[in-house]
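Chemist: Generate a structure from the sequence data that follows.
(2 chains, ligands or ions: 2)
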Amino acid sequence: MSELKLKDLYDGFRDPKAIKALKKLIDEESLKLPRKINVMEVCGGHTHTIMKYGLNQLMPKNIEFIHGPGCPVCVMPKERIDHAYILSLQDDVILVTLGDMIKVPGSNGSLQDARSKGADVRFVYSPLDTIKIALENPTKKIIFFAIGFETTTPMTAALLEHVTKNKIENILFHINHITVPEPMRVLLESDDCKIDAFIGPSHVSVITGSKIYEEFVKNYNKPVVVAGFEPVDVMQSILALTKQFNEQRCELEIEYSRAVSYDGNLAAQRLNDKYFTRATHFRWRGLGDIPDSALRLKDEYSYLDAEIIYKDILPNKKIDDHKLCICGDIMRGVAKPNDCKVFGTACKPSSPLGSCMVSSEGACSAYYKYGNLL
Amino acid sequence: MCLSIPSKITSIDEKNNIATVDTMGVERQASLDLIDQEVKVGDYVLIHIGFAMNKIDEEDALASLEVYREIIEKMEEDDRRQAILEDDACANRA
Ligand code: SF4
Ligand code: SF4
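Modeler: Numbering: from 1, shown residues only, chains lettered A, B, ... in the order given. Ligands and ions are numbered 1, 2, ... in the order given. All right, here's what the predicted structure looks like:
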């Protein structure tokens, strides 16, 4: 049978016929698998696709999806949210952020709660919108609470470039940019690791290129296929991984070649290098402290660093999650949301206990929304 | 929804390095600050939180647009606009 290529599927990336055809090929390949394989999708966007289209139910018995730590909202520890909360309540501050961050509970409450106490918290669609807010509010300090993986880091760097070039004086930064390879390494080195292969993130890879996954293939002997967000992309990638196992190959492949190259977006990488350097560590929610897994502003830009400027009011203590919440185990791939005692009862999207339920990319939220489990 | 719909560049404001793009009939603006390849009117780009992240091969872009068209056509005008505007606005994906 000739190889099924994305381009041949003129019916598109969500066509049930294409998905079924791929399912058939995966089923056939799965019969030859020497043992069961656990495939981790690192990125929350993929978890979402898998649950939304029920791809987990299309898998043969010996292929299982396990969900990784790839949602910036899910992995943000409470103490960082507390920083945002405290900053937002300063008289002369407008706190600006992206995504679902605004809903995640810190130890005092979420940014939404801060807002109801009078804080000026704004949500923007693009980091560059922060400039407009700064120009309209010249007497205020605008703090951009930057979140995200390698995907959104260059967008923050682009904002930094505008701020420094145009000498905008009332924008500061609180940096929470984290990186993908370090937590992957931690997961692979943990004793209870069940991961046999990875589906590589889509957007991160557009920026970094697939080259950042080379080490997992070479040093850890885990195949990686970088996949797009469509259901056909994910199915196609599972097929490619299964074939690798059957043919006893361990390779780095790019399924999402319409957007990802080996080297990635070099202009974006250059801009990152200009403004950021490695932070010594970052405490990931659920995964603990991981050395070198985050970025901070370079020393020469410390005059823009809200964490330094406001250090006297920002606490340094570690704050753990609700005792019942097992988000950590879920992100390490050793538990599923429905293993959590309070899933769907005390913890729901309308009253989340942990951020895996808050973020629309979180595994708990995806299971709740689409998970044929309720 | 993570659609990652390819957008077509309809004009470029060179002074500010901003492109006006058309995403399935919805017009919006995106910064070209992160683009290292040369882009011109008519090229397709992938947009995320207000930035063009890269150029997409035309053939691939057209193939995916075909799928989105089906989904999007079934939506009401307002919902459609909202879906497209929100598509790349989420910072939650990796
Ligand atoms: S259901 Fe709620 S409490 Fe349980 S793991 Fe998920 S987010 Fe945490
Ligand atoms: S939250 Fe919505 S837009 Fe963001 S990645 Fe998830 S599904 Fe896509």
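
Chemist: what's the helix or strand where A:Ile147 lies in contact with?
Modeler: Using DSSP states H and E, A:Ile147 sits within strand A:141-148. Outside strand A:141-148, the residues within contact range by C-beta atoms under 8 Å, 6 or more residues apart in numbering or on different chains are A:72-73, A:76, A:84, A:87-88, A:90, A:92-99, A:101, A:127, A:130, A:133-134, A:152-153, A:156, A:159, A:170-178, A:306, B:91, B:94. Just so you know, the C-beta spots here come from the backbone N, C-alpha and C atoms, and that holds for glycine as well.

Chemist: The residues you listed in strands, which ones?
Modeler: A:Val93, A:Ile94, A:Leu95, A:Val96, A:Thr97, A:Ile171, A:Leu172, A:Phe173, A:His174, A:Ile175, A:Asn176, A:His177 (DSSP state E).

Chemist: returning to that earlier point: using neighbour counts, trim the contacts of strand A:141-148 to the buried set.
Modeler: A:72-73, A:76, A:84, A:87-88, A:90, A:93-99, A:101, A:127, A:130, A:133-134, A:152-153, A:156, A:159, A:170-178, A:306, B:91, B:94 (16 or more other C-beta atoms under 10 Å in any protein chain shown).

Chemist: Spell out which residues make up each domain of chain A.
Modeler: With domains defined by automatic domain parsing, chain A comprises A:12-73+A:180-257+A:321-374, A:78-177+A:265-309.

Chemist: how much space between A:Lys165 and ligand 1?
Modeler: 42 Å (C-beta to the nearest ligand atom, to the nearest Å).

Chemist: Next, give phi and psi for that residue.
Modeler: When read as degrees, to the nearest 10, the backbone of A:Lys165 gives phi -60, psi -40.

Chemist: pLDDT at A:Gln112, what is it?
Modeler: According to the prediction, A:Gln112 has pLDDT 93.

Chemist: same question, A:Glu3
Modeler: pLDDT, A:Glu3: 44.

Chemist: for B:Cys90, same thing?
Modeler: You'll see B:Cys90 listed with a pLDDT of 57.

Chemist: Report the closest residue of the stretch 101-250 of chain A relative to chain B.
Modeler: Closest residue of the stretch 101-250 of chain A to chain B, C-beta to the nearest C-beta: A:Ser126 (2.3 Å).

Chemist: excluding its backbone neighbours, what's nearest that residue?
Modeler: Of all residues not flanking A:Ser126 in the chain, B:Gly50 sits nearest, at 2.3 Å (C-beta to C-beta, 6 or more residues apart in numbering or on different chains).

Chemist: Assess the claim that that neighbour and A:Asp129 are in contact.
Modeler: Yes. Look at B:Gly50 against A:Asp129 with C-beta atoms under 8 Å: they come within range, at 7.1 Å.

Chemist: higher neighbour count, the two?
Modeler: B:Gly50 (22 against 18; other C-beta atoms under 10 Å in any protein chain shown).

Chemist: what sits against the more buried one?
Modeler: Contacts of B:Gly50 by C-beta under 8 Å, 6+ apart are A:Tyr125, A:Ser126, A:Pro127, A:Leu128, A:Asp129, A:Met155, B:Gln29, B:Ala30, B:Ser31, B:Asp88, B:Ala89.

Chemist: between the residues you listed, which is nearest ligand 2?
Modeler: B:Ala89 (6.9 Å; C-beta to the nearest ligand atom).

Chemist: show me the contacts for the residue of the stretch 101-250 of chain A closest to chain B.
Modeler: A:Met155, B:Ser31, B:Ile49, B:Gly50, B:Phe51, B:Ala89.

Chemist: how near is the residue in chain B that chain A sits nearest to to ligand 1?
Modeler: Taking C-beta to the nearest C-beta, chain A has its nearest neighbour within chain B at B:Gly50, 2.3 Å off. Counting by C-beta to the nearest ligand atom, the gap from B:Gly50 to ligand 1 is 29 Å.

Chemist: likewise A:Thr49?
Modeler: Distance, A:Thr49 to ligand 1, by C-beta to the nearest ligand atom: 19 Å.

Chemist: Give me the distance between that residue and chain B.
Modeler: 7 Å (C-beta to the nearest C-beta, to the nearest Å).

Chemist: do you know how far that residue is from ligand 2?
Modeler: 9 Å.

Chemist: pretty sure that residue is touching A:Gly228, no?
Modeler: No. With contacts counted by C-beta under 8 Å, A:Thr49 stays clear of A:Gly228, the gap being 9.1 Å.

Chemist: The two: who's more crowded?
Modeler: The neighbour comparison of A:Thr49 against A:Gly228 (other C-beta under 10 Å) goes to A:Gly228, with 30 against 26.

Chemist: so the more buried one sits in a helix?
Modeler: No. Assessed with DSSP: H, G, I helix; E, B strand; the rest coil, A:Gly228 is coil; it does not lie in a helix.
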